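Visitor: A structural model of the following input is requested.
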Amino acid sequence: MVVAFIPEGLPAAVTLVLTIVAKRMYKQKVLVKSLATVETFNFVSIIATDKTGTLTMNQMTITAILWGNQGEYMVPIHNIDGNTVVNDESIIDRKRPSLKTNYESGALKDLLLGACICNNATMQSSSDASEGTENPAVETTDENITTETTKLVGDAADVALYHLCQDKCGVDIENVRKVNPRINVVPFNSKNKFMITANLLEHKTTNDDNVVITLKGAPDFVLSRCSTYKTDEGSDEIPITDEFKQSIQQRQEALGKSGYRVIAMLQQTISNNEYMTKMEEYRKSKKETQIVSDEPDLNGLPINNYCFIGMFSLLDPARPEVPDAVLKARRAQIRVAMVTGDHPTTAAAIAKKVNILSKEVSIDNGIDTFKIERNNETGETLARLMRNSNTVLETHSVGELTTNIDVKGIDALDTNDEQKKKKKPNICSRLFARFRFYLSDPNQAKSVEKLNLIPYGVVVAGGDIPSMDDYMWDWVLSHQELVFARTSPEQKLRIVMELSKRGEVVAVTGDGTNDAPALKQADLGVAMAAGTDVAREAGDMILLDNNFSSIIKAIETGRLLSDNLKKVAIYLLPGGTH
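Guide: Below is the predicted model of the structure:
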């Protein structure tokens, strides 16, 4: 009966139209992995997007080097159009010693040394490099002349530090790495927010080769690892104080409000004998204990007692087409939420530039935040809901917490896939559901009751997410404009799940292996072409240009598809079957 009611030409017409639309999306730099995904575009109600590389150009530039309380060197850079010089000052003009002199001694020397050796950016030939910045190189032989292209490959921040050392400061970075060889490394990851390297120093102060250990990471994560800091002159190490930490935090906040990302550089030097002793102790402890610890595995390298050397500020311009794309999404009743690992101040500044925190809502009405406080006497956890960081709206006693999500590797993906296979309906049910879908009004569909939105923005720090109960999630997700900062991949997955629980159809972007669970969990997983193989496999579609505006174009095309398919269904309905 059900099959007889379906117009005979509907399945073929639907498949044909979906195929045409998928090809059109490919021309718009969107690769759809299955035709069923195209239908999802029509119902997306919120997009949870990364910042770096999606909303921004992922072309970072060092704008300033900072050390001590007052030390600062503004790096000459050009703005986006390549015409106007933003920082047209040299280090010599600032009545400081020349760069060559500073490279031989002081904090600036240590900062540049750290930028060279605590850095994974490398030059690769065009045949080996898949991404990076191009640099022409010419190779000649006796028989003919061939032109090769080399690329600087690595994380955008590492590439920016590489350019600073080599192009702005005249440092031969490859030679520095050669004479200060790396002997150990802890790679950067989204949970720790830092990278550590150990290198043999070129110059010897004792009979043993000294080992310099360099830690590079987010200031708010690594400042607590320091016991000393270098003065503005850069020659002495002084015990770190609360006043100095506060001054560093204030400088980070000031830079963040202008949209700059900040990286801190820490350092400590030990003898070669001491380093070998640490490595031997580490190997023994790995063999003797199998206990899983919450502390990160640092390959035997120290986590504390570093000297704070200084900071770098980086500028990553927003993509020029993103602000209009965000406004277009808002007009289509689609919210755009930023989910990033950057500092909350930096995230909020970029969100304002790309209209995620708009003038009409967040700037004119206000931006909400909250602070988690714990009463040591009663053990009670309190959340102070605040507006514009100075007005307390409510003090909420945090109740029962939702079980924290623990996702490791890709094991969760297999579980999700098995669940989806078990729930897969038969062919008759799918055909009837599709026919009913194209004749129905999506706005009248029964679903989970959505939250009533309030005309304010909200900025949430990832560190506070584990303390949020259902009341807090309702309050946060009821805001029209959302920014989540300093988030981990596990917290990103939690955000997607909480949005889905409240009736939202979620599209989420991701590019890393740890983003795969969130991509799988979302109604529409959007992987970046520049991402890992695991992320691309987990996503429902791939952005070939890594550009947020392409998502909006795809949703626009998907909604047009829905209207056209509804017309096709109505046209075929009178004919029925035979």
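
Visitor: Packing partners of whichever helix or strand residue 163 is part of?
Guide: Using DSSP states H and E, residue 163 sits in helix 156-163. With contacts taken as 3 or more Cβ pairs under 8 Å, 6 or more residues apart in numbering; DSSP states H and E, helix 156-163 sits against strand 61-67, helix 107-117, strand 145-153, strand 306-315. All C-beta atoms are positioned from the backbone trio N, CA, C, and that covers glycine.

Visitor: Scan this protein for its longest helix.
Guide: helix 548-572 (DSSP state H).

Visitor: Against which helices or strands is it packed?
Guide: helix 10-27, strand 30-32, helix 35-40, strand 46-49, helix 322-331, helix 427-439, strand 506-510, strand 541-543.

Visitor: and that helix with strand 506-510, angle?
Guide: On the basis of axes from the mean of the first three to the mean of the last three Cα atoms, to 10 degrees, helix 548-572 is oriented at 140 degrees to strand 506-510.

Visitor: Return the set of buried residues in helix 548-572.
Guide: For helix 548-572, a neighbour-count test (16 or more other Cβ atoms under 10 Å) marks 548-559, 561-562, 565-566, 568-569, 572 as buried.

Visitor: And the next helix or strand past the helix holding residue 163?
Guide: Next along the chain after helix 156-163, taking DSSP H and E as the criterion, comes helix 173-179.

Visitor: tell me the angle the next helix or strand after that following helix makes with helix 107-117.
Guide: As assigned by DSSP H and E, the chain's next helix or strand after helix 173-179 is strand 182-186. Using the same axes, to 10 degrees, the direction of strand 182-186 lies 80 degrees away from that of helix 107-117.

Visitor: Using the three-state scheme, assign residue 385.
Guide: The three-state label given to residue 385 by DSSP: H, G, I helix; E, B strand; the rest coil is strand.

Visitor: so what's it bridging to?
Guide: residue 370, residue 394 (DSSP bridges).

Visitor: mind checking how far it is from residue 392?
Guide: From residue 385 across to residue 392, the span is 7 Å (Cβ to Cβ, to the nearest Å).

Visitor: With neighbour numbers in mind, choose between those two.
Guide: More neighbours surround residue 385 than the other of residue 385 and residue 392, with 18 against 11 (other Cβ atoms under 10 Å).

Visitor: sorry, back to before: got the angle for the longest helix of the chain vs helix 10-27?
Guide: Relative orientation of helix 548-572 versus helix 10-27 (the same axes, to 10 degrees): 160 degrees.

Visitor: when you compare where helix 548-572 runs with where helix 322-331 runs, what's the angle?
Guide: 30 degrees.

Visitor: before we move on, the earlier item: residue 237 is nearest to which of the helices and strands packed on helix 156-163?
Guide: strand 306-315 (5.3 Å; Cβ to Cβ).

Visitor: So residue 368 is in contact with residue 460, correct?
Guide: No - judged on Cβ atoms under 8 Å, residue 368 makes no contact with residue 460 at a distance of 9.3 Å.

Visitor: of these two, who's got more company?
Guide: Per other Cβ under 10 Å, whichever of residue 368 and residue 460 has more neighbours is residue 460, with 27 against 23.

Visitor: Just the buried residues of the helix or strand hosting the more buried one, please?
Guide: Under the criterion of DSSP H and E, residue 460 resides in strand 454-461. Neighbour counts over strand 454-461 (16+ other Cβ under 10 Å) mark 456, 457, 458, 459, 460, 461 as buried.

Visitor: how far away is the last one from residue 508?
Guide: If you measure residue 461 against residue 508 using Cβ to Cβ, the figure is 19 Å.

Visitor: picking that back up, output the contacting helices and strands for the strand holding residue 460.
Guide: helix 344-353, helix 364-365, strand 367-374, strand 479-485.

Visitor: Now with 6 Å, please.
Guide: Counting contacts by 3 or more Cβ pairs under 6 Å, 6 or more residues apart in numbering; DSSP states H and E, strand 454-461 packs against helix 344-353, strand 367-374, strand 479-485.

Visitor: Tell me which of the ones you listed lies nearest to residue 359.
Guide: helix 344-353 (8.2 Å).

Visitor: re earlier: which stretch in the helices and strands packed on helix 156-163 has the least confidence?
Guide: Sorting those by mean pLDDT places strand 145-153 lowest, at a mean of 69.

Visitor: picking up where we left off before, of all the helices and strands packed on helix 548-572, which one comes closest to residue 194?
Guide: Between the helices and strands packed on helix 548-572, strand 506-510 lies closest to residue 194; by Cβ to Cβ that is 21.7 Å.

Visitor: Any idea how far that closest one is from the middle of the chain?
Guide: 12 Å (Cα atoms, centre = their mean, to the nearest Å).

Visitor: now the stretch 351-500 of the chain, which segments are flagged as low pLDDT?
Guide: 400-450 (pLDDT under 70).

Visitor: Could you rerun that using 80?
Guide: Applying pLDDT under 80 to the stretch 351-500 of the chain picks out residues 375-379, 400-451.

Visitor: Look up phi and psi at residue 123.
Guide: Main-chain dihedrals, residue 123, degrees, to the nearest 10: phi -80, psi 130.

Visitor: Quickly list what the residue lying closest to it once chain neighbours are set aside is bridged to.
Guide: Once flanking residues are discounted, residue 123 sits nearest to residue 150: 5.2 Å by Cβ to Cβ, 6 or more residues apart in numbering. Using DSSP bridges, the bridge partners assigned to residue 150 are residue 125, residue 135.

Visitor: Near residue 150, how many other residues are there?
Guide: Residues near residue 150, counting by other Cβ under 10 Å: 18.

Visitor: Was I right to think it contacts residue 174?
Guide: No - counting by Cβ atoms under 6 Å, residue 150 does not reach residue 174; the two are 12.0 Å apart.

Visitor: List of residues touching the longest helix of the chain?
Guide: Contact with helix 548-572 is made by 7, 9-10, 13, 17, 21, 25, 28-30, 41-42, 44, 49, 54-55, 321-322, 325, 328-329, 438-439, 543, as judged by Cβ atoms under 6 Å, 6 or more residues apart in numbering.

Visitor: Please produce a ChimeraX select command covering the buried subset of these.
Guide: Only the buried entries of the contacts of helix 548-572 go into this ChimeraX selection, using 16+ other Cβ under 10 Å:
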select :7,10,13,17,21,25,28,29,30,41,42,44,49,54,55,322,325,328,329,438,543
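
Visitor: Is residue 357 in a helix, a strand, or coil?
Guide: Residue 357 - assigned by three-state DSSP - is coil.

Visitor: can I assume it is in contact with residue 351?
Guide: Yes - if you go by Cβ under 6 Å, residue 357 and residue 351 touch, sitting 4.3 Å apart.

Visitor: who has more neighbours, these two?
Guide: residue 351 (29 against 26).

Visitor: Report whether the expected contact of that one with residue 337 is present.
Guide: No - using Cβ under 6 Å, residue 351 is not in contact with residue 337, being 9.5 Å away.

Visitor: Domain-wise, how is the protein divided?
Guide: The chain resolves into domains spanning 44-56+321-540, 61-120+155-315 when parsed by automatic domain parsing.

Visitor: Nearest to residue 34, out of those?
Guide: Nearest of the domains of the chain (Cβ to Cβ): domain 44-56+321-540, 7.2 Å.

Visitor: Between the two ends of the closest one, how far is it?
Guide: 13 Å (Cα to Cα, to the nearest Å).

Visitor: cool, stretch 175-193 as well?
Guide: First-to-last residue span, stretch 175-193, Cα to Cα: 28 Å.

Visitor: Flag every buried residue along it.
Guide: Buried-residue list, stretch 175-193, by 16+ other Cβ under 10 Å: 176, 180, 184, 185, 186, 188, 190, 192, 193.

Visitor: Residues in contact with it: which ones?
Guide: Contacts of stretch 175-193 (Cβ under 6 Å, 6+ apart): 116-117, 195-200, 202, 217-218, 221, 296, 298-299, 341, 488.

Visitor: Which members of those are classed as buried?
Guide: 116-117, 195-200, 217-218, 298, 341, 488.

Visitor: could you dump those residues to a markdown table with secondary structure?
Guide: Shown next, in a markdown table, are these (three-state DSSP):
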| residue | secondary structure |
| --- | --- |
| 116 | helix |
| 117 | helix |
| 195 | strand |
| 196 | strand |
| 197 | strand |
| 198 | strand |
| 199 | strand |
| 200 | strand |
| 217 | strand |
| 218 | coil |
| 298 | coil |
| 341 | coil |
| 488 | coil |
